[in-house]
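Enquirer: Here is my input, please return the structure:
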Amino acid sequence: MSEPIGIGVVTISDRAFQGRYADQGGPGIEAALGRLLATPWRPLRRLVPDEMPAIEAALRDLADAEACPLIVTTGGTGPAPRDVTPEATMAVCERLLPGFGEMMRAVSLRAVPTAILSRQVAGTRGRSLIVNLPGKPSAIAECLDAVFPAIPYCVDLIGGPRIETDPEACVAFRPKGA
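Expert: A predicted model of the protein is given here:
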C-alpha cells in the first residue's frame, strides 16, 4: 500500500491563531474530505492569521516543500479589510481557475443572499491545486461538494497523483441517467 497523500488544510483566522476561537474551518474541511475521498490521505494543517505574508508562506510551503497535490483554505474570503486570502492565493498561483469561485458562489447563493460577497478563488502552483473555501463548516461542505467533481481531474492534468473519490459519497456528482 502506498503512502497516504498529503493534503494541505489551511485555516486563516486571527482569532483562531490567537487562541481566542476554536478552529472549526480546518476540521470542517477534513470532515468533508474524509467523506469524499477513497484515496488514503493525511491532512497537513496550518493555522495562520489574516496576513498576506503568513498565508503566502503557508501556501508556498505546502505546494513547494510538502508537494501537496491539493491545498484547501478556509476563511478570509469576505469583503472585510483583513480578508486577504484571495489576494494571497493569487500572489502564489501561476494560473487561476475562475470556474471554482463561480461554482461555489452559485451554490452558496441558493442558501444565503450574502454569498455574493464571497471572493473565493482557485488556482495552480506547480503540481498543486489551491482552493479557497468559506469559513463556516456547513458552507465548506456545500462548496467543496460543488467543486469536488473537478478536483481529481484537475490534479491529474497538472501532474499530481491519482485521487479517487468515494462513489457512495459522490452520488450527486454522477451525470443524469448514469
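Enquirer: and stretch 59-77, how far out from the chain's middle?
Expert: Distance of stretch 59-77 from the chain centroid (CA atoms, centre = their mean, to the nearest Å) equals 8 Å.
Enquirer: So the nearest residue to residue 71 once chain neighbours are set aside, which state does it fall into?
Expert: Using CB to CB, 6 or more residues apart in numbering and skipping the chain neighbours, the partner closest in space to residue 71 is residue 8 (3.4 Å). The way it works is simple: take the backbone N, C-alpha and C, and place the C-beta from them, glycine included. Here residue 8 is strand, with the state taken from DSSP: H, G, I helix; E, B strand; the rest coil.
Enquirer: pLDDT averaged over stretch 13-25 - what is it?
Expert: Per-region confidence: stretch 13-25 scores 95 on mean pLDDT.
Enquirer: Which pLDDT value does the model give residue 64?
Expert: Residue-level pLDDT assigned to residue 64 equals 98.
Enquirer: That one falls within a helix, correct?
Expert: Yes - counting by three-state DSSP, one finds residue 64 located in a helix.
Enquirer: Count the residues that sit near the closest residue to it other than its chain neighbours.
Expert: Closest residue in space to residue 64, ignoring its immediate chain neighbours: residue 126 at 6.9 Å, by CB to CB, 6+ apart. Residue 126: 13 surrounding residues under other CB atoms under 10 Å.
Enquirer: how near is the most centrally placed residue in the chain to residue 58?
Expert: With distances taken as CA atoms, centre = their mean, the residue of the chain nearest its centroid is residue 72 (2.4 Å). Using CB to CB, to the nearest Å, residue 72 is found at 12 Å from residue 58.
Enquirer: overlap in contacts of the two?
Expert: Here residue 72 and residue 58 share the contacting residues 8, 10, scored by CB atoms under 8 Å, 6 or more residues apart in numbering.
Enquirer: Please name the residues that touch the residue nearest to residue 71.
Expert: Contact analysis of residue 8 by CB under 8 Å, 6+ apart lists 43-44, 46, 58-59, 62-63, 66, 68, 70-72, 128, 130.
Enquirer: Show me just the buried residues among these.
Expert: Buried subset of these (neighbour count, 16 or more other CB atoms under 10 Å): 43-44, 46, 58-59, 62-63, 68, 70-72, 128, 130.
Enquirer: For the residue nearest to residue 71, give me the pLDDT.
Expert: 98.
Enquirer: Please apply the same query to residue 44.
Expert: At residue 44, the pLDDT value in this model is 98.
Enquirer: Also residue 168?
Expert: 76.
Enquirer: what about it, which SS state?
Expert: Applying three-state DSSP: residue 168 is coil.
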